[in-house]
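>>> Sequence first, then the predicted structure:
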Amino acid sequence: MARVPHVRVEGVSKTFGSGKQALTALDDVTLDVAYGEFLSILGPSGCGKSTLLRIIGGLMETTAGSVTIGGKHPKEAQAEKAVGYVFQDPALLPWRTVKDNIRLPIQVNRARGGNGHIPPEELLRLVGLERFPHYYPYQLSGGMQQRVALARTLAFNPTLLLMDEPLGSLDEITRAAMRYELLRIWEATKKTVVFVTHSIAEAVILSDRIAVLSARPGRVVGVVEVDLPRPRAEGLERSEEILRYSKLLHALLIQGGSHAAPAGR
Amino acid sequence: MAWSEGALRGLAALGGYLAPPLVTLTVAGLVWEIWTRVRDVPPYIVPAPSLILTRLSGDPGFFAREGLVTTVEALGGFALGSGVALLGATLMAHSRFMERSLLPLAILVKVTPVVAVAPLFVIWFGFGSMPKILIAALITFFPVLVNAVIGFRSVDPVAMDFLRSLKASQKEIFLTLRLPSSMPYLFSAFRVAIPLSIIGAVVGEWFSADKGLGSVIIVANSNLDMATLFAAILTLAFIGISLTVLLSLVERRVLFWHESALTS
């Protein structure tokens, strides 16, 4: 029996507008993500990475091609609360405490309970915020807010996590620490992750596979397997292997026509 | 000691906060008093502040009673006008079609001077408190409507995406995101609407009433009883200030999370 992929992206194109104003963001993108896999989508700014993620998450329609999640249409997967989104902006509700923010996804779309709820206390322990349930977002640092956003997405136990540069708004020091934090949480929950980033080092440290997108219109230039042992230890960004993968990925990005590719962050 | 150090410091802070406007008011009152005495201004043109205060303290029950009538009418109109406005805004925020069909009507209501329709309301709704409440409602309706529509639409797009990715219903999105997000806009509308509702109630009373401060003003005016007239105006000002302060207290509790509260 062939292994069925969790996410299947087949010949997806996306064009915004029409006529002379038409802008092709994605061109014939085909991609599979296995169950439990950590896949990164790497590409320069404006290559359509976020658009691809929004299409997978059912927030946007394709112009051509199709996406299935566990064999279902993304909208159906949404309705079943099978898709968990984490954005660059934590977008917590400022009038709710940390705990009440985490409860939000459980309070909406109650008809479909998803895969059962994880109690807020357990989630707070998982993201290391067990002492802050009654704090308000404005009392937390950016890194802490993003942890709450992650806990909020884990609360309804989605099988697929879609992450749109979730560490993008953090400072370099917090960002480096959060990568390993994210890995620890991913290893503890064993979910499928599609992770959008423009940082080469970040993609290598986190991923099982990396799909490199070209500059507009976004096409898959190549898929790189990251053959590094897990769990991945801190300090990986200064290792020989990272340099090797960085060179490889950088070459692919250049090939994809991105002159502004950020080198080895 | 009955007074803790904290309470004393709080009291001192409050005193420091209130002192400047109180000093200004006292000085203005004194100048006014001296002017009427020195120039011998007749009390049926401009009464001295001492005369107004004597009138107020001579029969405080009278002004409290009439003031209460006007306050109830104003608040009733405010509640009715805001309620209808919130309902309309909810429809308009969810559908551009509804907005296009309702907004011209709302603008028509806004541009029609309340004073022009007040006599009509008296004919339609009699001499009770109903026409006053309706006039107050009419005048508060528009600012609340416009702000609520903007407020219901001014949501964080990322939070919106998150709720959409969960297939939250329109009702859930409204209750968890749109309504709380609109609170800063609603409170600035209420700030404008509260004094307007008092104007509405008073104008209503001018046209038909034997109760309320509006009728007190009309009667005093025809009797050239300037002390009573000024006392009624002073009572109205007091009502306006009290309601605004009350609103600010509620606002501070509700909007504790907003930039406006965090920076002050």
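All right, it came through fine. Numbering: from 1, shown residues only, chains lettered A, B, ... in the order given.

>>> From here on, just use CA atoms for contacts and neighbour counts.
Noted.

>>> Name the SS class of A:A211, please.
strand (DSSP: H, G, I helix; E, B strand; the rest coil).

>>> ok, how many other residues are close to the residue nearest to A:P119 when sequence neighbours are not counted?
Nearest non-adjacent residue to A:P119, counting by CA to CA, 6 or more residues apart in numbering or on different chains: A:A155, 7.2 Å away. For A:A155, the count of nearby residues is 25 (other CA atoms under 10 Å in any protein chain shown).

>>> What of B:I173?
Neighbours of B:I173 (other CA under 10 Å): 17.

>>> and if you look at B:V245?
By other CA under 10 Å, neighbour count at B:V245 equals 13.

>>> Can you give me the buried ones in the helix or strand containing it?
Taking DSSP states H and E as the definition, B:V245 sits inside helix B:226-254. For helix B:226-254, a neighbour-count test (16 or more other CA atoms under 10 Å in any protein chain shown) marks B:226-236, B:239-240, B:243-244, B:251, B:254 as buried.

>>> Might you report the residue contacts of the closest residue to chain B within the stretch 151-265 of chain A?
Using CA to the nearest CA, the closest approach of the stretch 151-265 of chain A to chain B is made by A:T153 at 9.0 Å. If you count contacts by CA atoms under 8 Å, 6 or more residues apart in numbering or on different chains, A:T153 has them with A:84-86, A:102, A:105.

>>> make it 7 Å
A:84-86 (CA atoms under 7 Å, 6 or more residues apart in numbering or on different chains).

>>> And it, how far from A:P105?
Relative to A:P105, A:T153 is positioned 7 Å away (CA to CA, to the nearest Å).

>>> if we can go back for a sec, keep only those of the contacts of A:T153 that are also close to chain B.
A:Y85 (CA under 7 Å from any CA of the partner chain).

>>> Name the helix or strand of chain B that has the lowest mean pLDDT.
Across the helices and strands of chain B, mean pLDDT, DSSP states H and E gives its lowest value to helix B:259-263, namely a mean of 75.

>>> Using PDB, write down the CA coordinates of that one.
The C-alpha trace of helix B:259-263 is given here as PDB (Å, rounded to 0.1, in the frame of the first residue of the first chain):
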ATOM      1  CA  GLU B 259      -3.900  52.100  23.700                       C
ATOM      2  CA  SER B 260      -5.900  55.000  25.000                       C
ATOM      3  CA  ALA B 261      -6.000  53.500  28.400                       C
ATOM      4  CA  LEU B 262      -2.500  52.100  28.400                       C
ATOM      5  CA  THR B 263      -0.800  55.300  27.500                       C
END
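
>>> Can you give the distance from it to the centre of its chain?
23 Å (CA atoms, centre = their mean, to the nearest Å).

>>> Stretch B:212-232 too?
21 Å.

>>> same check, this time on stretch B:13-24
23 Å.

>>> CA atoms only: put it into CSV for me.
The C-alpha coordinates for stretch B:13-24 follow below in CSV (Å, rounded to 0.1, in the frame of the first residue of the first chain):
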residue,chain,number,x,y,z
ALA,B,13,-4.1,63.9,43.9
LEU,B,14,-7.9,64.4,43.4
GLY,B,15,-7.6,67.9,45.0
GLY,B,16,-4.7,68.7,42.7
TYR,B,17,-6.8,67.5,39.7
LEU,B,18,-9.9,69.5,40.6
ALA,B,19,-8.2,72.7,42.0
PRO,B,20,-7.4,74.5,38.7
PRO,B,21,-10.9,74.3,37.1
LEU,B,22,-12.5,75.2,40.5
VAL,B,23,-10.3,78.2,40.9
THR,B,24,-11.1,79.3,37.3
